[in-house]
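> Structure of the sequence below:
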Amino acid sequence: MPRNALYAQSGGVTAVINVSAQGVIETARQHPQHFGKLYAGRNGIIGALTEDLIDTSLESDAAIAALRHTPAGAFGSCRHKLKGLDKNRAEYERLIEVFKAHDIGTFFYNGGGDSADTCLKVSQLGETLGYPVQAIHVPKTMDNDLPLTDCCPGFGSVAKYTAVSIREAGFDVESMAKTSTKVFILEVMGRHAGWTAAAGGLASENEGEAPQVILFPEIVFDEDKFLAAVDASVKQHGSCSIVASEGIRLASGKFVSEAGGADAFGHTQLGGLAPLLARLVGDRLKYKQHYAVADYLMRAARHIASATDVEQSYAVGKAAVELAVAGKSGVMATIERQSDSPYVWTTGEAPLDQVANVEKKMPRDFISADGFHITDACRRYLAPLIAGEDYPPYRNGLPDYVRLRNAAVPKKLPTFTVTK
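Just a heads-up that it's a prediction; the model follows:
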């Protein structure tokens with residue numbers, strides 16, 4: 001009798017994380033000899049700890065197929081990082097209890113770097129606690145900062161959103177600059193790695209086109225150099241459009257937009273970079289300015305997803321199941337680039353002990369010498385990732401997204417409280 005499997009989503013969701021869920025579920029359904037039921041954790045690892053499981057077998061093939069066009073996390077996500085076994089053994093013991101109670105032998109965790117760490121620990125704890133569990137990581141992060149994979153599913157669509165948005169805003173600013181706004185700032189996500197901000201550079205194909213300035217976390221923020229670059233653009237081109245990563249830092253190492261506090265993963269909370277930069281431009285340069293914070297809009301924008309990203313997101317979900325069928329554990333499904341043009345890629349695998357808690361930042365040769373734009377090498381890397389459109393179906397003028405039944409699996413164990 002084949003054992004059951006558990007799939008869960010983690011961290012900030014994306015426009016295409018559900019495509020990976022589709023890939024996992026549809027592929028698992030093609031291997032009934034290897035998997036019994038495929039459960040999903042409601043709200044990620046929290047669902048596994050609290051025995052709040054969803055029976056995906058009760059979802060129709062049509063509903064699972066519709067995940068391809070639906071943004072966010074269909075089963076709910078969470079921000080909860082398992083501490084070391086020596087620091088919170090109770091959580092690990094609880095996971096094994098839930099796995100045993102529901103005969104779960106395979107765990108698919110769909111997330112970023114912290115999720116890779118959790119998945120690695122699950123792959124190791126089974127042996128330690130006497131209940132072996134296959135654990136496969138399905139990569140997802142809009143930040144594109146996972147190592148050992150050419151790119152991260154979720155990033156291509158965010159990159160496309162960023163490039164399209166700054167191109168459209170740039171046209172707007174240019175048309176109004178003579179008598180109105182001369183400077184526009186688009187703040188995008190990206191704490192330590194500037195991939196998302198870099199994607200905005202794709203919109204600028206000719207000299208003087210928006211964005212004229214990009215701010216990367218990898219480049220120390222220098223107020224005077226920034227203002228000089230903005231001023232030069234306005235004087236030469238009439239306006240200046242800026243893409244600013246939320247994670248830019250001062251020479252001291254402090255985030256420019258540090259707001260105080262930390263999230264559930266222990267990351268410093270950021271906020272308010274765009275208005276801060278706008279005030280700086282207004283106070284020092286006296287130019288009229290506007291700003292926008294893309295935030296959740298950019299990661300939820302399924303209506304403008306990259307076709308490449310959709311295809312890769314499904315592929316890593318499918319590959320994760322195939323890795324499990326092959327007997328692998330403690331690995332992540334990866335994207336491997338074969339060539340830039342034409343863009344050719346395949347799926348592969350990477351050991352989780354080389355992925356967990358490692359951030360892939362922008363190489364210096366991807367950033368221009370002055371630190372304010374991307375190079376041709378960066379453009380060659382990024383361009384294929386935003387290629388193609390995969391529009392969702394529309395109904396009554398709006399995207400037609402699916403909401404799953406998410407029927408609960410009956411509980412068998414006592415209540416468990418998750419500690420923060």
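
> dump the residue contacts of residue 88.
82, 419 (Cβ atoms under 8 Å, 6 or more residues apart in numbering). Placement of C-beta: from N, CA and C, glycine included.

> Equivalent analysis for the one 4 residues further on, please.
Residues in contact with residue 92, defined by Cβ under 8 Å, 6+ apart, are 82, 85, 121, 125, 128-129.

> tell me the least confident of those residues?
Least confident by pLDDT among the contacts of residue 92: that is residue 85, with 68.

> Columns distance to residue 223 and secondary structure on top of the contacts of residue 92, output as CSV?
As requested, the contacts of residue 92 are exported to CSV (distance: Cβ to Cβ, whole Å; DSSP: H, G, I helix; E, B strand; the rest coil):
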residue, distance to residue 223, secondary structure
82, 40, coil
85, 46, coil
121, 42, helix
125, 48, helix
128, 51, helix
129, 53, helix
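
> between those residues, which is closest to residue 137?
Residue 137 has its nearest neighbour among the contacts of residue 92 in residue 121, at 11.3 Å by Cβ to Cβ.

> and the gap between that closest one and residue 146?
Relative to residue 146, residue 121 is positioned 17 Å away (Cβ to Cβ, to the nearest Å).

> Which residue of those two possesses the greater neighbour count?
residue 146 (29 against 22; other Cβ atoms under 10 Å).

> Without its sequence neighbours, what residue ends up closest to the more buried one?
Nearest non-adjacent residue to residue 146, counting by Cβ to Cβ, 6 or more residues apart in numbering: residue 152, 5.0 Å away.

> What distance do you get for the one you found to residue 409?
To residue 409, residue 152 is 30 Å away according to Cβ to Cβ.

> swap in residue 76?
Taken as Cβ to Cβ, the span from residue 76 to residue 409 is 14 Å.

> What are the contacting residues of the one helix or strand residue 24 maps to?
Element membership for residue 24 (DSSP states H and E) is helix 17-29. With Cβ under 8 Å, 6+ apart as the contact definition, helix 17-29 has outside contacts at 5, 7, 9, 34-35, 38, 40, 56, 59, 61, 64-65, 67-68, 70-75, 77, 108, 110, 138, 140, 153-154, 310, 313-322.

> ok, now with 6 Å
Identification of contacts with helix 17-29 by Cβ atoms under 6 Å, 6 or more residues apart in numbering yields 7, 9, 35, 38, 56, 64, 67-68, 70, 73-74, 108, 110, 138, 140, 310, 313-314, 316-318, 321.

> Next: stretch 57-66.
With Cβ under 6 Å, 6+ apart, stretch 57-66 has contacts from 22, 25, 37, 402, 404, 407.

> Stretch 38-56 too?
Stretch 38-56 is contacted from outside by 5-10, 25, 28, 75-78, 80, 94-95, 98, 406-407, 409, 411, 413, 416, 418, using Cβ under 6 Å, 6+ apart.

> Verify the contact between residue 335 and residue 149 for me.
Yes. With contact defined as Cβ atoms under 6 Å, residue 335 reaches residue 149; the gap is 5.1 Å.

> So what's the residue count around residue 131?
Residue 131 has 15 nearby residues by other Cβ under 10 Å.

> ditto for residue 164
There are 17 residues near residue 164, going by other Cβ under 10 Å.

> For it, which non-adjacent residue is spatially closest?
With Cβ to Cβ, 6+ apart as the criterion, residue 164 has its nearest non-adjacent residue at 6.2 Å, and that residue is residue 304.

> Contacts only, for residue 149.
Contacts of residue 149 (Cβ under 6 Å, 6+ apart): 139, 334-335.

> So what's the residue count around residue 397?
Count around residue 397 with other Cβ under 10 Å applied: 5.

> The chain: helices as residue ranges?
17-29, 45-49, 61-66, 89-101, 113-129, 155-176, 195-200, 223-237, 273-285, 295-299, 307-325, 376-382 (DSSP state H).

> deepest of those helices, which one?
Greatest average neighbour count among the helices of the chain goes to helix 195-200 (a mean of 31), per mean count of other Cβ atoms under 10 Å.

> Report pLDDT for the residue lying farthest from the centre of the chain.
Farthest-out residue of the chain from its mean C-alpha position, per Cα atoms, centre = their mean: residue 179, at 38.9 Å. On pLDDT, residue 179 comes in at 96.

> which stretches of the stretch 51-200 of the chain have low pLDDT?
85 (pLDDT under 70).

> Quick check: the gap between the closest residue to residue 357 other than its chain neighbours and residue 83.
Computed as Cβ to Cβ, 6+ apart, the closest residue to residue 357 that is not its neighbour in sequence is residue 117, at 5.4 Å. Residue 117 is 10 Å from residue 83, where distance means Cβ to Cβ.

> what does residue 15 give?
Distance from residue 15 to residue 83, by Cβ to Cβ: 31 Å.

> More neighbours: these two, which one.
Higher neighbour count among residue 15 and residue 83: residue 15, with 30 against 12, using other Cβ under 10 Å.

> got the contact list for that one?
71, 157, 301-302, 305.

> Next: residue 197.
Here residue 197 is in contact with 188, 190, 214, 216, 243, 245 (Cβ under 6 Å, 6+ apart).

> swap in residue 346?
Contacts of residue 346 (Cβ under 6 Å, 6+ apart): residue 336.

> Provide the partner residues of it in its beta bridges.
Beta-bridge partners of residue 346, counted by DSSP bridges, are residue 336.

> the domain parsing of this protein - what is it?
For the chain, automatic domain parsing gives the domain ranges 4-141+304-356+390-399, 155-303+370-386.

> could those domains go into JSON lines alongside distance to residue 362?
Shown next, in JSON lines, are the domains of the chain (distance: least, Cβ to Cβ, whole Å):
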{"stretch": "domain 4-141+304-356+390-399", "distance to residue 362": "15"}
{"stretch": "domain 155-303+370-386", "distance to residue 362": "5"}
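
> among those domains, which is nearest residue 363?
domain 155-303+370-386 (8.0 Å).

> now that closest one, how far from the centre of its chain.
Centroid separation between domain 155-303+370-386 and its chain, computed with Cα atoms, centre = their mean, to the nearest Å, is 18 Å.

> That one spans what distance, first to last residue?
Using Cα to Cα, to the nearest Å, one end of domain 155-303+370-386 lies 9 Å from the other.

> related to what we said a few turns ago, with respect to residue 364, which of the domains of the chain lies nearest?
Relative to residue 364, the nearest member of those by Cβ to Cβ is domain 155-303+370-386, separated by 7.2 Å.

> List the residues that contact residue 253.
Residue 253 neighbours (Cβ under 6 Å, 6+ apart): none.
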